[in-house]
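Student: next comes the sequence, and after it the predicted model I'd like to discuss.
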Amino acid sequence: MRLVCSVKIDVPRSAVIDVQREWLLIRLRDEWSVEGTTYASGSLLAADVEAFLAGGRDLAVLFEPSPDVALNYHTWTRHHLMLGLLRDVRSELVLLDPADGWRRSTLDGVPPDSHTTVSDTDPDRSDELLLASTGFTEPTTLRYGQVGGALEVLKREPSFFDIDGLSVRQFFATSPDATLVPYFVVGVPDRTGPTLLSAYGGFEISLTPYYDGTLGRAWLSRGWHVRGGQHPRRAASTARTGTRAAMREKRPLAFADCAAVAADLVDRGIATPERLGFEGGSNGGLLAGVMLTRYPEHFGAIVGMVPLLDMRRYHKLLAGASWIAEYGDPDNPDDWGFLRRYSPYQNLHSGLKLPPALWVTSHPGRPGAPGARPEDGRPDAGAGLRRHLLREHRGRPWRRGRQRPARLPPGPGLRVPVAHPGPVGVPALVFGADSHTVVACRTSSPSMTSTRCTSRPRPRAAH
């Protein structure tokens, strides 16, 4: 007979706990006051697990957020605790030694302009570790080492574009409330040209550096710029304040951060509004919609993928109800009061002067599929979006063991009107999320008032 007993651990309900040997780790998502001491949201605390269960509250603060540093994750080796930090969107790996009063040191050998994470450790037997690194100009690389030793490269993915002459630079934009927003610029320095800006801006997710061979070949190899790694306030525990800085009624702070980066790119001479594009997917698609309707003067083109566009009914579509804590409840008059001020669908009208926009969605199982059909349900919606390109991918998604591409309807649907033609000959590759289809568009003449798109199945490795 097997006996199972449960023990209540007296921590806040929102906290995340971890037990490793004799140590209890507590990661806070809200402020916690205990025995006269208040611990900040985003902190990581440690205690002897037996002493804590016996009523002791001797807590060691292993990490406390600051305006420029946030805790991304933690993991154990046999003798050390490793913290994965984001310092202004740059990854930093910190070692803590519990046998020496949690003595702190930094893991050496981590590439400076790449995003490095701990891929695996052996916490029961050794201090061995595997690190995975990826950067704007560095393909994903697997490194092996031990705490206190050198790192060696085990495997590196192939390169797909020439990085000679490219640089990775970090700048800081100033948001209207004086918050500094870090971002990266990848490209040829001291050159003004087409620039692609992308962001996500929610659910505690930052866009960290990553290698994109397609973007490198199609964009960077032409000498154009890519802006990546932006860190707008992410709606939950953030490096900007250590609080839930952009949830619910504070959501516009994330939008203002993004617009501040766009303005900063122009002020630094990296881009011009006419040749600055914005790209975002899912929650980033909501950012794209807000950039289109509230900040159109900053951009020459907008791309939104599986976006949230109608905040009045998002909670009634698929998984939308689970996002109410993030955005607010549209059925609550107080919440709808702040949602309606930025909801792209409700703020779209024919009087706006908008840049050309491309909206991409996929099969109906994706959260953004209904939201990317902006002309549904509103008779006058076409007045604002009739000249904007909407590409919907239909057909069967890929399945394990059945390598069947989505079937796309041929014919007139591939030629659609656009408001303003983009730069002559500029290619655009848009991947339909989950439909595994590529849509390639190219303008061919300055007077062209439509864009020809061709579709083909997206290659996928066999399972």
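Tutor: Right, received. Where do you want to start? Numbers count the residues shown, from 1 in each chain.

Student: what is the rounded mean pLDDT of the longest helix along the chain?
Tutor: In the chain, assigned by DSSP state H, the helix with the most residues is helix 252-267. For helix 252-267, the mean pLDDT works out to 94.

Student: give me the phi and psi for the closest residue to residue 249 other than its chain neighbours.
Tutor: Spatially, and ignoring its direct neighbours in sequence, residue 249 is nearest to residue 338 (4.3 Å; C-beta to C-beta, 6 or more residues apart in numbering). (C-beta placed from N, C-alpha, C; glycine too.) As for residue 338, its main-chain torsions (degrees, to the nearest 10) stand at phi -90, psi -30.

Student: number of residues surrounding residue 338?
Tutor: Other residues near residue 338 number 17, with proximity taken as other C-beta atoms under 10 Å.

Student: what do you get for residue 294?
Tutor: Per other C-beta under 10 Å, the neighbour tally for residue 294 reads 18.

Student: tell me where the stretch 201-350 of the chain has helices.
Tutor: For the stretch 201-350 of the chain, applying DSSP state H, counting those that start in this stretch gives helices covering 213-218, 252-267, 283-294, 324-327, 333-339.

Student: tell me which of those lies nearest to residue 36.
Tutor: helix 324-327 (30.2 Å; C-beta to C-beta).

Student: I'd guessed the residue nearest to residue 249 sits against residue 248; true?
Tutor: Yes - Residue 338 is within contact range of residue 248, at 7.2 Å (criterion: C-beta atoms under 8 Å).

Student: need the overlap of contacts for those two.
Tutor: residue 328 (C-beta atoms under 8 Å, 6 or more residues apart in numbering).

Student: quick one: residue 138 and residue 188, what's the gap?
Tutor: For residue 138, the distance to residue 188 (C-beta to C-beta, to the nearest Å) stands at 18 Å.

Student: more crowded one of these two?
Tutor: Per other C-beta under 10 Å, whichever of residue 138 and residue 188 has more neighbours is residue 138, with 20 against 15.

Student: what is the helix or strand containing residue 19 packed up against?
Tutor: If you go by DSSP states H and E, residue 19 is part of strand 16-20. Here strand 16-20 touches strand 23-27, going by 3 or more C-beta pairs under 8 Å, 6 or more residues apart in numbering; DSSP states H and E.

Student: again, only using 10 Å
Tutor: Using 3 or more C-beta pairs under 10 Å, 6 or more residues apart in numbering; DSSP states H and E, the elements in contact with strand 16-20 are strand 23-27, strand 44-48, helix 49-53, strand 69-76.

Student: quick one, which of the ones you listed is nearest to residue 283?
Tutor: Nearest to residue 283, of all these, is strand 69-76, at 17.9 Å by C-beta to C-beta.

Student: dump the first helix or strand past the closest one going along the chain to CSV, keeping only the CA atoms.
Tutor: Next helix or strand after strand 69-76 toward the C-terminus (DSSP H and E): strand 81-87. Once non-C-alpha atoms are left out, strand 81-87 reads as follows in CSV (Å, rounded to 0.1, in the frame of the first residue of the first chain):
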residue,chain,number,x,y,z
LEU,A,81,22.2,27.4,-8.6
MET,A,82,22.3,29.1,-12.0
LEU,A,83,20.2,32.2,-12.7
GLY,A,84,19.3,33.2,-16.3
LEU,A,85,19.0,37.0,-16.2
LEU,A,86,18.0,39.6,-18.9
ARG,A,87,20.0,42.8,-18.5
